[in-house]
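Student: Based on what follows, work out the 3D shape:
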Amino acid sequence: MMKNFKNENLQKVVDRISIEIEKRPKELGIAAAVTISLTLIISLRIYRKKTLERDSKDFNGTLKGSINMLNNSDSVLKKCDVNETIDNYEDLFDGARKKTGAITSSESIVKRQKEYQDMINSFYNLVTDFYEWGWGQSFHFGPRVVGEGFMESIKRAEYHLCSRLGMKPGMKVIDIGCGVGGPMRHMCTFSGSHIDGITINEYQVKVGNKYNKRKGLDDLCKLIQGDFQNLPFDSNAYDAAYAIEATCHSPNKFQCFKEVARVLKPGSLFAGYEWVMLPDHYDPSNLDHVRIKEGIEVGNSLPTLPYPSAVIEALEAAGFEVLDHYDANRGVHSIQEIPWYETLNGSMTLSGF
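Tutor: This next block holds a predicted model:
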């Protein structure tokens, strides 16, 4: 038995996690597994905390990664608050996975929109380490061509934004919803731009800036705690902005995009990736479609998933001219591509989803 655990040994925990993951539909993605797994392991009582090196190797390997995640001294979430945090989060998605359509009601969506700050902050307090352990420091998907490695595809999606934004040395760029700063560091290294990142989560700021320092990028990259609905920056301060699968958390995209427009210099560009429901494919009268949509929402802390037209309308209302928009995964079923969800499908392991 592992000496660090008072109530259960590691193998028993792993066995329980594996059983629960197998019960969940693959469409729910990584965050569903994150929520399940954390619900199982947070009750463990750990004797001592471990100071992580933040050298990108803390979560390598199943055993080392799991122990470091459970013993993380950087955590801002107290053990005594974990159960309450999970209960509050589940209350915002009352009925999810029990009754299809339960969280698609206007009442349910409005409740999450009103309490979005607590919802998102609680979610990332619980899952940030698990995301990094299973996926890496870039919390997003990316189109992947045959012969391309997983991390290659992730970085290519980020570098694509660098290209579209014309990022280069001397530019000041803002990352809207930056997570622990994985994309920021990749894009800074690639372009030489100065990048500030905004995230509502204190823990992500804490560890992200440690990563910046370890990478020697702290003079160019900085994470700042704040709400992208009300950015804590001066107007006309940035040369470009991007958001990577982050504004899907926004309770009001118009307000979010209006703030992005405010902090950008006139004529500057804003680019990003957004989660949407494609009207040619999603049928709201199809209960299986609704089940999948709701699984994504509860598994990823989303108020609701919109259609692309709603995102475009919000951008234009906020003052942007939409120059281009398209389905980044339009070739997902091509024989030349590996589906973005393939990493989650069938070969799921605890050391690398």
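Student: Would you mark the buried spots in the longest strand along the chain?
Tutor: Longest strand of the chain, by residue count under DSSP state E: strand 264-273. Going by neighbour count (16 or more other CB atoms under 10 Å), the buried part of strand 264-273 is 264, 268, 269, 270, 271, 272, 273. The C-beta positions use only the backbone N, C-alpha and C, and glycine is treated the same way.
Student: Pairing partners for that strand, with directions?
Tutor: Partners of strand 264-273 in the sheet, by DSSP bridges, are strand 238-244 (parallel).
Student: now the strand it pairs with, how far from the centre of its chain.
Tutor: Between the centre of strand 238-244 and the centre of its chain there are 17 Å (CA atoms, centre = their mean, to the nearest Å).
Student: Likewise for stretch 304-320?
Tutor: Put simply, stretch 304-320 sits 20 Å off its chain's centre (CA atoms, centre = their mean).
Student: Name the residues of it that come out as buried.
Tutor: For stretch 304-320, the neighbour count (16+ other CB under 10 Å) marks 304, 305, 306, 310, 311, 314, 315, 318, 320 as buried.
Student: With stretch 103-120 instead?
Tutor: For stretch 103-120, by 16+ other CB under 10 Å, it's 103, 104, 108, 109, 111, 112, 115, 116, 119, 120.
Student: Among these, name the ones in helices.
Tutor: Counting by DSSP state H, these place 108, 109, 111, 112, 116, 119, 120 in helices.
Student: so how far is residue 303 from the third one?
Tutor: Read that as residue 111. Note on residue 111: its distance to residue 303, by CB to CB, to the nearest Å, is 9 Å.
Student: Please, where are all the helices along the stretch 1-150 of the chain?
Tutor: Secondary structure of the stretch 1-150 of the chain (DSSP state H, counting those that start in this stretch): helices located at 10-23, 30-41, 62-70, 82-92, 106-114, 116-134, 150-165.
Student: Compare those and say which comes out lowest on pLDDT.
Tutor: Of all the helices of the stretch 1-150 of the chain, the minimum mean pLDDT falls on helix 30-41 (a mean of 48).
Student: Put the alpha carbons of the helix or strand that contains residue 187 into PDB.
Tutor: For residue 187, the host element (DSSP states H and E) is helix 182-191. Extracted as PDB, the C-alpha positions of helix 182-191 are listed here (Å, rounded to 0.1, in the frame of the first residue of the first chain):
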ATOM      1  CA  GLY A 182       0.500  26.700 -23.000                       C
ATOM      2  CA  PRO A 183      -0.500  28.400 -26.300                       C
ATOM      3  CA  MET A 184       0.900  31.700 -25.100                       C
ATOM      4  CA  ARG A 185       4.400  30.200 -24.600                       C
ATOM      5  CA  HIS A 186       4.300  28.300 -27.900                       C
ATOM      6  CA  MET A 187       3.100  31.400 -29.800                       C
ATOM      7  CA  CYS A 188       5.600  33.700 -28.100                       C
ATOM      8  CA  THR A 189       8.400  31.400 -29.000                       C
ATOM      9  CA  PHE A 190       7.200  31.100 -32.500                       C
ATOM     10  CA  SER A 191       6.500  34.800 -33.200                       C
END
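Student: List the buried residues of that helix.
Tutor: Neighbour counts over helix 182-191 (16+ other CB under 10 Å) mark 182, 183, 184, 185, 186, 187, 188, 191 as buried.
Student: thinking again about what came up before, and the longest strand of the chain, average pLDDT?
Tutor: Strand 264-273 shows a mean pLDDT of 98.
Student: can you check stretch 312-332 too?
Tutor: Averaging pLDDT along stretch 312-332 yields 96.
Student: what's the first-to-last distance across that stretch?
Tutor: 23 Å (CA to CA, to the nearest Å).
Student: Can you pull up the most central residue in this protein?
Tutor: Geometric centre of the chain, nearest residue: residue 139, 4.4 Å, by CA atoms, centre = their mean.
Student: residues touching the residue nearest to residue 266 when sequence neighbours are not counted, list them.
Tutor: Take residue 266 and drop its neighbours on the chain: the residue closest to it by CB to CB, 6 or more residues apart in numbering is residue 236, 7.1 Å away. By CB atoms under 8 Å, 6 or more residues apart in numbering, the contact set of residue 236 is 263, 264, 265, 266.
Student: sorry, back to before: can you flag which of the buried residues of stretch 304-320 belong to helices?
Tutor: Secondary structure from DSSP H places 310, 311, 314, 315 of the buried residues of stretch 304-320 in helices.
Student: Leaving out the residues flanking it, which one is nearest to the first one?
Tutor: Ranked by CB to CB, 6+ apart and with sequence neighbours excluded, the top spatial neighbour of residue 310 is residue 253, at 7.2 Å.
Student: Give me the neighbour count for the one you found.
Tutor: Counted with other CB atoms under 10 Å, the neighbours of residue 253 add up to 21.
Student: gap between it and residue 330?
Tutor: Relative to residue 330, residue 253 is positioned 22 Å away (CB to CB).
Student: Ok, residue 175 next?
Tutor: For residue 175, the distance to residue 330 - CB to CB - is 25 Å.
Student: who has more neighbours, these two?
Tutor: When residue 175 and residue 330 are compared for neighbours, residue 175 comes out ahead with 28 against 11, by other CB under 10 Å.
Student: hang on, isn't the more buried one packed against residue 204?
Tutor: No - here residue 175 lies out of contact with residue 204, judged by CB atoms under 8 Å, at a distance of 11.6 Å.
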